[in-house]
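[1] my questions are about this predicted structure, shown below with the sequence.
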Amino acid sequence: MTLALTACQTQTQPKVETAAPPVAAPAAPIASEIEFVDLRTFDSALSGALAAQLPKVEVDFYNRVTPSDLPERLQHWMASVETGGGTVKVVPPPGSITPKDPLLLFSALWNAIKLARAAADSAQRKPAQAYNAQIYLKADAQGESVVDKIVFLQRTP
C-alpha cells in the first residue's frame, strides 16, 4: 500500500525564479523645435517629430550656414520632401526684395536634389515626404544671407 501511495504522489517541479522582463527606457519626448547638429541623433529626432505628424517642425542652427553650403545631411531631408511631392521654398531675409545671389540659392537646391535622390527613400527620412519645407534666411553682421531656420509644414492630403 505504501508503495502504491508513493507511486501516485505527484512530483513537484523545482521552483524556477524568472527574471522580470526588461523595462524599456522611456522614449524621448517629441520636440517641435530641433537644433541642427550634423549627427545621426539629429536624423532620429527629426524623423520622430515628422513621424508624429506634428503640423510644424522647426530646425534651428547653432552655427552659421549659408544657403549654398547647406550640409549634406539637410540636403537629404530636402530631397525627401520633394520626392514625396512637397516643395522646398527659400524665404529671403525680411525687408529684402530678392535674395542677395539667387543663383547661389538655386545652385544649393539643385545640388540638394541631385545629390540626395537615392538617400531620400530611406525609411528614416520617409516621414518628410508628407511635408513642405521653407528655408528662412537672415542677413548676418556682414550683410550676407545665412540660414536662420528650416520649417517643415505638414501638407494636407
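    Great, that's in hand.

[2] how many residues are close by A123?
    A123 has 7 neighbours, counted by other Cβ atoms under 10 Å. To be clear about C-beta, it is placed using only N, CA and C from the backbone, and glycine gets the same treatment.

[3] give me the phi and psi for it.
    Torsion angles at A123 (phi, psi; degrees, to the nearest 10) stand at phi -60, psi -40.

[4] okay, helices next: where are they in this structure?
    Under the criterion DSSP state H, helices of the chain are mapped to 2-8, 40-51, 72-83, 102-116.

[5] roughly how far does the nearest residue to G84 once chain neighbours are set aside sit from P67?
    Spatial nearest neighbour of G84, chain neighbours left out: Q129 (2.3 Å); criterion: Cβ to Cβ, 6 or more residues apart in numbering. Computed as Cβ to Cβ, to the nearest Å, the Q129 to P67 distance reads 22 Å.

[6] ok, A52 - how many residues close by?
    So A52, with other Cβ under 10 Å, has 12 neighbours.

[7] output stretch 149-157 as PDB, nothing but the C-alphas.
    Output in PDB follows, covering the C-alpha atoms of stretch 149-157 (Å, rounded to 0.1, in the frame of the first residue of the first chain):
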ATOM      1  CA  LYS A 149      15.900  78.100 -39.700                       C
ATOM      2  CA  ILE A 150      14.200  75.400 -41.700                       C
ATOM      3  CA  VAL A 151      10.500  74.900 -41.100                       C
ATOM      4  CA  PHE A 152       8.700  71.700 -42.100                       C
ATOM      5  CA  LEU A 153       5.000  72.300 -42.600                       C
ATOM      6  CA  GLN A 154       2.700  69.300 -42.800                       C
ATOM      7  CA  ARG A 155       0.800  69.100 -46.100                       C
ATOM      8  CA  THR A 156      -2.900  68.400 -46.000                       C
ATOM      9  CA  PRO A 157      -4.000  65.500 -48.200                       C
END
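
[8] no more questions from me, cheers.
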